[in-house]
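Novice: Below is the sequence, then the predicted model.
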Amino acid sequence: MTLLTSNPIADPNPRLNALIDAARRGAKVRLLLDSLFDTRADPRGNRATMDYLHTVAAAENLDIQARVGNPTLLGIHAKMSLFQIGDERWSAVGSLNGSEISHKLKTMKAARGKSTDL
């Protein structure tokens, strides 16, 4: 598999699949993906990732919403995710985004932790 043909079908993204699996288990999944450096026609870009998620959500009636945007006008670099699993609360913070290229080509990182204060 070359990086030029990498996409969610031919070369699945484990993190993206984990979000889809969470929705299959009943979680509400919300994603805001960066649009500043996104190329509309790139099959590995954030818009393609958003379109793929919408297709899966519609086909399986999942509660997934994904958007591309640029609220800071400088791109989205730091990301934060909050999760509640039963009585446990988790957070994840980092530069990793949901695109195919971010998970397969770049060296972005994220840290997660458990907290009772979230």
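Specialist: Great, that's in hand.

Novice: make it CA atoms for all contacts and neighbour counts henceforth
Specialist: Fine.

Novice: so W90, which of the three states?
Specialist: Following DSSP: H, G, I helix; E, B strand; the rest coil, W90 is assigned to strand.

Novice: wait, it sits on A111?
Specialist: No - shown here, W90 and A111 do not form a contact pair, counting by CA atoms under 8 Å, at 10.7 Å.

Novice: the more surrounded of these two?
Specialist: W90 (16 against 11; other CA atoms under 10 Å).

Novice: Who are the contact partners of the closest residue to that one other than its chain neighbours?
Specialist: Once flanking residues are discounted, W90 sits nearest to K114: 4.4 Å by CA to CA, 6 or more residues apart in numbering. By CA atoms under 8 Å, 6 or more residues apart in numbering, the residues touching K114 are E88, R89, W90, S91.

Novice: Show me which of the residues you listed is closest to Q65.
Specialist: Nearest to Q65 among the contacts of K114 is S91, at 19.2 Å by CA to CA.

Novice: need the contact list for the residue nearest to that closest one when sequence neighbours are not counted.
Specialist: Distances taken as CA to CA, 6+ apart place L82 nearest to S91, at 4.6 Å, with adjacent residues excluded. Neighbouring residues of L82 by CA under 8 Å, 6+ apart: R89, W90, S91, A92, L118.

Novice: now I20
Specialist: Contact analysis of I20 by CA under 8 Å, 6+ apart lists V29, L53, I64.

Novice: Closest one of those residues to T72?
Specialist: Comparing these against T72 with CA to CA places V29 closest, at 22.1 Å.

Novice: and the closest one, what are its bridge partners?
Specialist: Bridge pairing for V29 (DSSP bridges) gives the partners I64.

Novice: I'd like the distance from it to L62, if you could.
Specialist: Separation of V29 from L62 (CA to CA, to the nearest Å): 9 Å.
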